[in-house]
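*Asks:* Need the 3D shape of this:
(chains A and B)
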Amino acid sequence: MTDLSAGGIPAARPKSSLLTEDARTKKRNAAERRFKIYGLSAVLLGVAALVMLLISILGNGLSAFQQTYVTLQVELPAETLDKEGNRNRDEMAKVSTFGYSPLIAVAVENAVTEAGIETELSPQDQGDIISKEAAAQLRNFVLANPNVVGETITFEFLANGRIDGYLKDRVTRETAALDKNVSPGQLDLTDALQEAGILEQRFNWAFLTMPDASGQRPEAAGLGVAIMGSLYMMLIVLGLALPIGVAASIYLEEFAPKNRITDIIEVNISNLAAVPSIVFGILGLAIFINFAGLPQSAPIVGGLVLTLMTLPTIIIATRASLKSVPPSIRDAALGVGASKMQSVFHHVLPLAAPGILTGTIIGLAQALGETAPLLLIGMVAFVREYPSGPPEGFFDPASALPVQIYNWTQRSDPAFVERASGAIIVLLIFLVSMNALAIFLRRRFERRW
Amino acid sequence: MDDLRIVERDVDAKETKISAKNVQVYYGDNHAIKDVNVEIADKTVTAFIGPSGCGKSTFLRCINRMNDTIDVCRVEGDIAIDGEDIYDRKVDPVQLRAKVGMVFQKPNPFPKSIYDNIAYGPRIHGLAKNKADLDNIVEQSLRRGAIWDEVKDRLHEPGTGLSGGQQQRLCIARAVATEPEVLLMDEPCSALDPIATAQVEELIDELRQNYSVVIVTHSMQQAARVSQKTAFFHLGYLVEYGETGTIFTNPEDPRTESYITGRIG
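*Replies:* Residues are numbered from 1 along each chain as shown, chains lettered A, B, ... in the order given. Below is the predicted model:
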């Protein structure tokens, strides 16, 4: 402690007041203020983008949750629907939708007459305000309940997409005049039917439960098959990616020797996380479909591909949370004579669990929104059949939410814009609730000291 | 350094518990422990002193093979406990660590209840036959850790909620719960205030009745207060080893004298 004076005492600084900012302080403060402004404007930009996104999607898509229905009394004559008269479902199935369409047209005409509405439309045109899907709906209902044949029942029919669009201000009299699918006269009839209480708008549960419909029937298109397909895929991803990812991370983090090979593995896992998702789609197509012979469009293939895609995310998140467990806990466990595995499973893993859960759920959410790899394995197909229950359902064709959105945006009918936006809302609700669950779980488990 | 109180000591010849011969430790290319020979007696407190980085902690961690967890660490030479080579191929380090307990520099209770902290060791080693047995072990261990009275009413509260000194005594209680024969302490008081330190030192003196205690410390006063034997490490060498009284009052090696009088270190 003798060399302090060796350098000599520096010359005394000139006296300055603390009450006035000197030039350096001014410059520093200005830089700080500038930085705050940059940061704030970046945040505001982000918020503005989010708000714009939400406004555009909600504005386009909320109407998808409303649908126009027409309630009609429809007579189901036994002589046309069940010629044998024995209510045998297989024989009744021989009557196609063409057998049902005239019944609906008659029902519309009767309703119009009964309500005292005057119209110059032909019965054919009157019937066209009902969806083309209606005949199939009625047929399915009759086949499911054969005993209604011969009676007159009250049935709710989907209105045609153009009529639905008219009530949602998408179709106007000007556009109807140019449109071969709808005429201004039909719109007048719609107004009259609505006044008579025969035609009304209701919450559209069918949007969440019905399968997709063809391009001419946007009013009947629903997300049922897509939601089921996405759900199945998420089950597969969760069931495979979580155990594999956690096991791999525990091995790499706690057991693996640190050498060249583990270094290479680590680098490659990080690289895998950055591989474009469409590449995983090609891989799935080549391996799971062409080589392993799994069916196309099946949730099992989608799930496997998404598992491969999610694994790096889960591994990276799990390793980060394992790393963040203080080494003193491992020492403590080893010090009382716990084996390596006991120290990991009794002490390290429970402490890392919130991080692992968060990583897994975020990985799942990412997989839920992934589209590109699914396009390559055929999940973009038009699927109207619901997949059966798991596990057989994993091998049945299905769609997926993001692919369904992609699919609908490809179609020409403007009603599908509304459907696609509605599907985006559904997808966003799923994603937001998954992220909320991740936050909830993290809070919940972290509270345990 | 004339404030050292050298406590009266019973330094009758006791059985050797740990004997180390020609121990070398390497961290990669760094030769951290050079040629250490030492015989540590049973039912004695042995203190390791020396400047930072002299290898005393490293040597301590060799005794229960905690260095095995460090990939680059390599140990040569023989360390025997009761005449059995602990680096023998047949020795399972997990079994060894049940026999050689360890208390670390920073209190590191498990983020579980006080009860579970103590019960963990006995549980994994199957020391308790039933719940009552386990309760008994927990109580006895906490009593030996001199913390029973402070925590008996809140055994099911988290161990991490205790004060630093209490946490360290909890860790000592946790170490004794597995009935070890040797207790290694790596600077157990460095994170504690003087009052907690005094409590832990008192505890160490009691533990001497049953265990061979090896303690690494930066504080020479502490070494003088609690130990019967002292070993001075410097730059990886064991410079001097002998009775604490002799080391502090009449060291043979000039380096020991310099350290004790504060000229090096």
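*Asks:* Tell me how far the residue of the stretch 51-200 of chain B found nearest chain A lies from B:Val91.
*Replies:* Nearest residue of the stretch 51-200 of chain B to chain A (CB to the nearest CB) works out as B:Ala98 at 3.3 Å. Every residue, glycine included, has its C-beta placed from N, CA and C. For B:Ala98, the distance to B:Val91 (CB to CB, to the nearest Å) stands at 12 Å.
*Asks:* the more surrounded of the two?
*Replies:* Of the pair B:Ala98 and B:Val91, B:Ala98 is the one with more neighbours under other CB atoms under 10 Å in any protein chain shown, namely 22 against 14.
*Asks:* residues from the stretch 51-200 of chain B in reach of chain A?
*Replies:* B:64, B:66, B:69, B:71, B:94-95, B:97-99, B:101-104, B:106, B:108-111, B:120-121, B:124-125, B:158, B:160-161, B:171, B:174-175, B:177-178 (CB under 8 Å from any CB of the partner chain).
*Asks:* Please type out the PyMOL selection for whichever of the residues you listed turn out to be buried.
*Replies:* Listed next is the PyMOL selection for buried residues among these, using 16 or more other CB atoms under 10 Å in any protein chain shown:
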select buried, chain B and resi 64+66+94+97+98+99+101+102+103+104+106+108+109+110+111+120+121+124+125+158+160+171+174+175+177+178
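*Asks:* can you pull out the strands in the stretch 1-150 of chain A?
*Replies:* Along the stretch 1-150 of chain A, counting by DSSP state E, counting those that start in this stretch, strands occupy A:66-75.
*Asks:* What segments of it are helices?
*Replies:* A:23-61, A:78-81, A:89-92, A:97-114, A:123-127, A:134-144 (DSSP state H, counting those that start in this stretch).
*Asks:* Those: which one's closest to chain B?
*Replies:* helix A:23-61 (35.3 Å).
*Asks:* thinking again about what came up before, the closest residue to the residue of the stretch 51-200 of chain B closest to chain A other than its chain neighbours sits in which helix or strand?
*Replies:* Nearest residue to B:Ala98 in three dimensions, chain neighbours excluded: A:Gly337, at 3.3 Å (CB to CB, 6 or more residues apart in numbering or on different chains). Using DSSP states H and E, A:Gly337 sits in no helix or strand.
*Asks:* what's the average pLDDT for stretch A:110-120?
*Replies:* For stretch A:110-120, mean pLDDT is 82.
*Asks:* Can you list the buried residues in it?
*Replies:* Buried residues in stretch A:110-120 (16+ other CB under 10 Å): A:Ala111, A:Val112, A:Ile117, A:Thr119.
*Asks:* what's near enough to touch the last one?
*Replies:* A:Thr119 makes contacts with A:Val112, A:Gln126, A:Gly185, A:Asp188, A:Leu189, A:Ala192, as judged by CB atoms under 8 Å, 6 or more residues apart in numbering or on different chains.
*Asks:* any chance of those in TSV, with distance to A:Val305 too?
*Replies:* Listed next are the contacts of A:Thr119 as TSV, based on distance: CB to CB, whole Å:
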residue	distance to A:Val305
A:Val112	53
A:Gln126	49
A:Gly185	51
A:Asp188	52
A:Leu189	50
A:Ala192	53
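*Asks:* pLDDT below threshold where in the chain?
*Replies:* In the absence of a named chain, chain A is used. A:1-9, A:447-449 (pLDDT under 70).
*Asks:* could you do chain B instead?
*Replies:* For chain B (pLDDT under 70), the answer is B:1-13, B:264-265.
*Asks:* any chance you could map the strands in it?
*Replies:* B:16-27, B:30-41, B:45-49, B:73-81, B:84-85, B:100-103, B:182-186, B:212-216, B:229-234, B:237-243 (DSSP state E).
*Asks:* Of these, which is nearest A:Val225?
*Replies:* strand B:73-81 (58.9 Å; CB to CB).
*Asks:* Against which helices or strands is that closest one packed?
*Replies:* strand B:16-27, helix B:56-63 (3 or more CB pairs under 8 Å, 6 or more residues apart in numbering or on different chains; DSSP states H and E).
*Asks:* So which of these is the most surrounded?
*Replies:* Mean neighbour counts were compared across these using mean count of other CB atoms under 10 Å in any protein chain shown; the top stretch is helix B:56-63, at a mean of 24.
*Asks:* how close does A:Phe155 get to A:Val70?
*Replies:* 9 Å.
*Asks:* Just want to know which of the two has more residues nearby.
*Replies:* Neighbour count, other CB under 10 Å: between A:Phe155 and A:Val70, A:Val70 has more, with 25 against 21.
*Asks:* Surely that one touches A:Phe157?
*Replies:* Yes. Using CB atoms under 8 Å, A:Val70 makes contact with A:Phe157 at a distance of 4.9 Å.
*Asks:* Next, show the common contact partners of the two.
*Replies:* Both A:Val70 and A:Phe157 are contacted by A:Ile130, under the criterion CB under 8 Å, 6+ apart.
*Asks:* check contacts around residue 147.
*Replies:* No chain specified, so I'll use chain A. A:Arg87.
*Asks:* that answer is for a different chain, and I need it for chain B
*Replies:* For B:Ile147, the contacting residues are B:Gln166, B:Arg169, B:Leu170, B:Ala173, by CB under 8 Å, 6+ apart.
*Asks:* Dump the helices of the stretch 1-150 of chain A to JSON lines, plus distance to chain B.
*Replies:* Formatted as JSON lines, these follow (distance: least, CB to the nearest CB, whole Å):
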{"stretch": "helix A:23-61", "distance to chain B": "35"}
{"stretch": "helix A:78-81", "distance to chain B": "71"}
{"stretch": "helix A:89-92", "distance to chain B": "63"}
{"stretch": "helix A:97-114", "distance to chain B": "66"}
{"stretch": "helix A:123-127", "distance to chain B": "71"}
{"stretch": "helix A:134-144", "distance to chain B": "58"}
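*Asks:* how close does A:Glu254 sit to chain B?
*Replies:* Applying CB to the nearest CB, to the nearest Å, the value for A:Glu254 to chain B is 10 Å.
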